[in-house]
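> quick one, what's the 3D model for this:
(one chain, ligands or ions: 1)
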Amino acid sequence: MGKLDGRVVIVTGAARGQGEQEARLFVAEGARVLLGDVLDEQGEALAKELGDAARYVHLDVGREADWGAAVEAAKDAFGGVDGLVNNAGVLRFNELVGTPLEEYLAVVQVNQVGTFLGMRTVAPELAAAGGGTIVNTASYVALTGMALVTSYAATKAAVVGMTRVAALELAPQGVRVNAMCPGAIDTAMTNPAQLDPGVDPAQASAAVDELFRKLVPMGRIGRPEEVARLALFLSSDDSSYITGQPFVVDGGWLAGVAGF
Ligand SMILES: NC(=O)c1ccc[n+]([C@@H]2O[C@H](COP(=O)([O-])OP(=O)(O)OC[C@H]3O[C@@H](n4cnc5c(N)ncnc54)[C@H](O)[C@@H]3O)[C@@H](O)[C@H]2O)c1
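Residues are numbered from 1 along each chain as shown. This is a model prediction of the structure:
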């Protein structure tokens, strides 16, 4: 018995990183998964590897029309949809006073508008299915400050805010909405060297490990599989009485200053 037997879940940004691990784990737990991303080649290859329980669609989360098409694709392939993981996201580093408006708005378009459109499009389908789950991906910078990420922090705080409102509005329809707040996770977002074919993956991970060994109380960067397990908990009946909450997964980083 899988924890998601019979469920149909849309995962955005599923071609790599945390979204990829969420898609892999959800299929392993019995779900059928519609993978959406803008990295078509990688997304198609992953869906092929996962087999009949997975389909890939091009889904730019900031484009309204793509969302309608993705829901139709889920219905065509799997007969409906009763779960959503809003995972797609982008990060830009810049000082507040040096952030061009276009850059700020581009981050808003994916992280904030994408999450809004995803919830708005999919929630009625979940309600029609008799209930379901939405898991939004925020960040620890939704809950604490970090220099150089004004645009990103703004969008992730918005994700937590929208999660609470959506949870209140959708609870009567049996739809639970929660948010994940990962700390530093070893994906291309935190560790862009992973995308460089000339860099040995173990070497790329070792470089960030050195940094986070000092910063994080648990002494290491997180793994995307560890965030996927939180997404599974929040998408399954194991969290049946939980809605409207942000969940931190960060190796203790936000607990406070270690001091030694
Ligand atoms: N890596 C971290 O340390 C960390 C920490 C906190 C939160 N997060 C959040 O976790 C989520 C996953 O990030 P990740 O760490 O796996 O990074 P990643 O860069 O490996 O993955 C992000 C995915 O989103 C996709 N994407 C980007 N723009 C898109 C769009 N417009 N439409 C659809 N897909 C799009 C990318 O193609 C990629 O597959 C993001 O929301 C990110 O903000 C990451």
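
> what's downstream of the helix or strand bottoming out on mean pLDDT in the chain, the next helix or strand?
Per-element confidence for the chain was summarised using mean pLDDT, DSSP states H and E. The lowest value among helices and strands belongs to helix 201-215, with a mean of 87. Scanning the chain past helix 201-215 towards its C-terminal end, the next helix or strand to appear is helix 224-235 (assignment: DSSP states H and E).

> ok, the nearest residue to residue 205 once chain neighbours are set aside - contacts?
Spatially, and ignoring its direct neighbours in sequence, residue 205 is nearest to residue 186 (5.9 Å; CB to CB, 6 or more residues apart in numbering). For glycine as for every other residue, the C-beta is placed from the backbone atoms N, C-alpha and C. Applying CB atoms under 8 Å, 6 or more residues apart in numbering, one finds that residue 186 lies in contact with 205, 208, 221-224.

> residue 32 too?
With contacts defined as CB under 8 Å, 6+ apart, residue 32 is in contact with 7-9, 53-54, 77-78.

> distance of the residue nearest to residue 205 relative to residue 211?
For residue 186, the distance to residue 211 (CB to CB, to the nearest Å) stands at 11 Å.

> run a quick neighbour tally on residue 165.
One way to gauge burial is a neighbour count; for residue 165, by other CB atoms under 10 Å, it gives 12.

> just the ones of the contacts of residue 32 in helices?
The subset of the contacts of residue 32 located in helices under the criterion DSSP state H comprises 77-78.

> is it possible to get CSV of the contacts of residue 32 that adds distance to the ligand, neighbour count and pLDDT?
Written out in CSV, the entries for those read as follows (distance: CB to the nearest ligand atom, whole Å; neighbours: other CB atoms under 10 Å; pLDDT from 0 to 100):
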residue, distance to the ligand, neighbour count, pLDDT
7, 21, 23, 98
8, 19, 23, 98
9, 16, 28, 99
53, 19, 17, 98
54, 15, 24, 99
77, 18, 17, 98
78, 20, 21, 98
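
> what residues are shared contacts of residue 186 and residue 211?
In contact with both residue 186 and residue 211: residue 221, using CB under 8 Å, 6+ apart.

> PyMOL command for the buried members of the contacts of residue 186?
Typed into PyMOL, the line below selects the buried ones among the contacts of residue 186, using 16 or more other CB atoms under 10 Å:
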select buried, resi 205+208+221+222+224
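
> of the contacts of residue 186, which pair is most distant in space?
Taking CB to CB as the measure, these span a maximum distance of 13.0 Å, between 208 and 224.

> contacts only, for residue 239.
Going by CB under 8 Å, 6+ apart, the list of residues near residue 239 reads 176, 178, 233.

> and the residues you listed as TSV, adding pLDDT and distance to residue 100?
Shown next, in TSV, are the contacts of residue 239 (pLDDT from 0 to 100; distance: CB to CB, whole Å):
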residue	pLDDT	distance to residue 100
176	99	38
178	99	33
233	99	39
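
> just these that are near the ligand?
Among these, proximity to the ligand is found for none (CB under 6 Å from any ligand atom).

> with distance to residue 201 and neighbour count added, can I get these in CSV?
What follows is these, written out as CSV (distance: CB to CB, whole Å; neighbours: other CB atoms under 10 Å):
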residue, distance to residue 201, neighbour count
176, 36, 24
178, 31, 25
233, 28, 17
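
> out of these, which one sits closest to the ligand?
Taking CB to the nearest ligand atom as the measure, the ligand sits nearest to residue 178 out of the contacts of residue 239, at 14.5 Å.

> let me see the contact set for that closest one.
For residue 178, the residues meeting the contact criterion (CB under 8 Å, 6+ apart) are 133-136, 163, 167, 234, 239, 242-247.

> with residue 47 instead?
35, 54-56.

> now do residue 50
23-24, 27, 33.

> out of those residues, who has the most neighbours?
Neighbour counts for these were taken using other CB under 10 Å; the highest belongs to residue 23, which has 33 neighbours.
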